[in-house]
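Q: here are the coordinates; sequence isn't available:
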Ligand SMILES: [Zn+2]
């Protein structure tokens with residue numbers, strides 16, 4: 001009896017979707033579990049891939065199987081049927097609902113489940129749903145921004161994001177952005193993933209492929225070297241800055257100041273090497289003028305590290321990516 005039920009579940013044919021089944025639709029899209037009755041003209045409007053597919057007088061002109069679609073030989077209720085061969089039915093449902101249902105996707109909603117965000121970014125790119133791809137890219141870029149000031153404002157792995165914690169989002173979003181070549185998201189995502197240990201990185205990048213993993217590990221090494229150098233230079237820099245301080249004491253506080261427990265910063269989260277954090281947690285007591293000088297000295301070095309991030313991951317520099325982002329916002 002139990003076996004019969006399981007078999008029934010396994011062989012259950014796809015069913016009409018509860019909301020994306022328009023009685024006067026003129027094409028059927030099928031997945032492993034859903035059937036969608038939609039309008040060809042609307043699909044063409046939203047998707048460059050479906051536009052090309054429907055415009056082609058002879059569908060054989062387009063290698064639909066290369067992108068995981070198959071035009072089925074049989075009709076469904078007299079309508080042509082196109083099957084998604086590679087993609088999960090629920091992921092396709094997220095894509096089509098975002099395209100056809102008002103308010104299904106709202107770019108201000110950070111509670112949308114990560115699974116849906118990843119599906120929209122992946123399938124939006126794959127099937128040329130350009131508006132969806134753009135909206136999700138800009139949405140995600142608010143949480144993985146392109147300036148240090150904005151990054152510092154969101155850099156808290158414990159905060160809720162997309163129905164999870166922010167820390168749970170780094171790796172799935174990196175994998176999809178890497179595959180879809182969405183370069184404005186990549187530096188911050190690579191950077192966020194670089195803060196994790198080797199074991200975590202290997203475990204969480206299985207879907208990314210060796211090339212992406214190699215770039216991540218190479219960039220991570222370079223960043224760790226830069227941060228280690230920043231930390232190891234601190235004592236010497238402190239002495240050099242003593243003469244620049246507006247300290248009111250006869251002998252500048254910095255002449256005798258020293259850092260403590262600096263090795264704790266060698267394996268840091270980047271937020272830990274902020275000037276204000278280093279001064280508060282690792283510098284012995286100095287006056288306000290000396291504190292702010294040291295904070296600034298550290299923040300200049302920290303900004304240099306931030307500026308170098310794209311080059312460590314084989315990406316265009318920030319100003320090029322920022323221009324691309326501005327262009328995207330304007331379209
Ligand atoms: Zn002082």
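A: Cool, got the structure. In this text the structure is predicted, and so the values were computed from the model without any measurement.

Q: Now do the same contact list for the spatially closest residue to residue 244 that is not a sequence neighbour.
A: Of all residues not flanking residue 244 in the chain, residue 293 sits nearest, at 6.4 Å (CB to CB, 6 or more residues apart in numbering). Just so you know, the C-beta spots here come from the backbone N, C-alpha and C atoms, and that holds for glycine as well. For residue 293, the contact set (CB atoms under 8 Å, 6 or more residues apart in numbering) comprises 241, 244-246, 254.

Q: Quick one, which of the residues you listed are buried?
A: 241, 245, 254 (16 or more other CB atoms under 10 Å).

Q: On the three-state scheme, the residue of the stretch 101-250 of the chain at minimum distance from the ion is what?
A: In the stretch 101-250 of the chain, the residue that lies nearest the ion is residue 247 (3.1 Å; CB to the ion). Three-state call for residue 247 (DSSP: H, G, I helix; E, B strand; the rest coil): coil.

Q: Thought residue 292 was touching it, still the case?
A: No. Assessed by CB atoms under 8 Å, residue 247 is found out of contact with residue 292, at 10.8 Å.

Q: So if I had to pick from these two, which one is more boxed in?
A: When residue 247 is set against residue 292 and neighbours are counted by other CB atoms under 10 Å, the residue ahead is residue 247, at 19 against 16.

Q: how about that one, phi and psi?
A: With angles defined as degrees, to the nearest 10, residue 247 sits at phi -60, psi 140.

Q: same check, this time on residue 106
A: Dihedral pair for residue 106: phi -130, psi 120, per degrees, to the nearest 10.

Q: For it, give me its contacts.
A: Neighbour list for residue 106: residue 112 [criterion: CB under 8 Å, 6+ apart].

Q: can you check residue 80 too?
A: 27-28, 71-72.

Q: again with residue 104
A: 97-98.

Q: would you say it is within a strand?
A: No. Secondary structure of residue 104 (three-state DSSP): coil, not part of a strand.

Q: Quick one: the strands in the protein, in order.
A: 15-21, 27-30, 34-38, 69-71, 81-84, 160-161, 164-165 (DSSP state E).

Q: Do I have it right that residue 307 meets residue 318?
A: Yes. Assessed by CB under 8 Å, residue 307 is found in contact with residue 318 at 6.7 Å.

Q: Of those two, which one has the most company?
A: Using other CB under 10 Å, the more surrounded residue of residue 307 and residue 318 is residue 318, with 20 against 13.

Q: And that one, what's its pLDDT?
A: At residue 318, the model reports a pLDDT of 98.

Q: any idea how far the ion is from residue 298?
A: 16 Å (CB to the ion, to the nearest Å).

Q: tell me the contacts of that residue?
A: 230, 234, 273-275, 278-279.

Q: burial measure for residue 78, as a count.
A: Using other CB under 10 Å: residue 78 sits among 7 other residues.

Q: near the ion, which residues of the stretch 201-331 of the chain?
A: 247, 253, 287, 290 (CB under 5 Å from the ion).

Q: pLDDT added to these, as a markdown table?
A: Supplementary listing: these in a markdown table, determined by pLDDT from 0 to 100:
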| residue | pLDDT |
| --- | --- |
| 247 | 87 |
| 253 | 88 |
| 287 | 92 |
| 290 | 92 |
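
Q: Sort out for me which of these are in helices.
A: 253, 290 (DSSP state H).

Q: Most neighbours among the residues of the stretch 201-331 of the chain next to the ion, which one?
A: residue 290 (26 neighbours).

Q: returning to that earlier point: export the buried ones among the contacts of residue 293 as TSV, with columns for distance to residue 261 and pLDDT.
A: Formatted as TSV, the buried ones among the contacts of residue 293 follow (distance: CB to CB, whole Å; pLDDT from 0 to 100):
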residue	distance to residue 261	pLDDT
241	20	85
245	23	80
254	18	88
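
Q: any idea which of those residues is closest to residue 210?
A: Of all the buried ones among the contacts of residue 293, the one sitting nearest residue 210 is residue 241; the distance, using CB to CB, is 44.5 Å.

Q: Just confirm that closest one contacts residue 295, I think it does.
A: No. At 10.9 Å, residue 241 does not count as touching residue 295 under the criterion of CB under 8 Å.

Q: Now list the buried members of the contacts of residue 80.
A: Here, 16+ other CB under 10 Å leaves 27-28 buried among those.

Q: How many neighbouring residues does residue 277 have?
A: 15.

Q: my read: it touches residue 265, true?
A: No. Counting by CB under 8 Å, residue 277 stays clear of residue 265, with 9.1 Å between them.

Q: for the stretch 101-250 of the chain, what spans make up the helices?
A: 114-126, 130-143, 148-154, 166-179, 186-194, 198-204, 210-241 (DSSP state H, counting those that start in this stretch).
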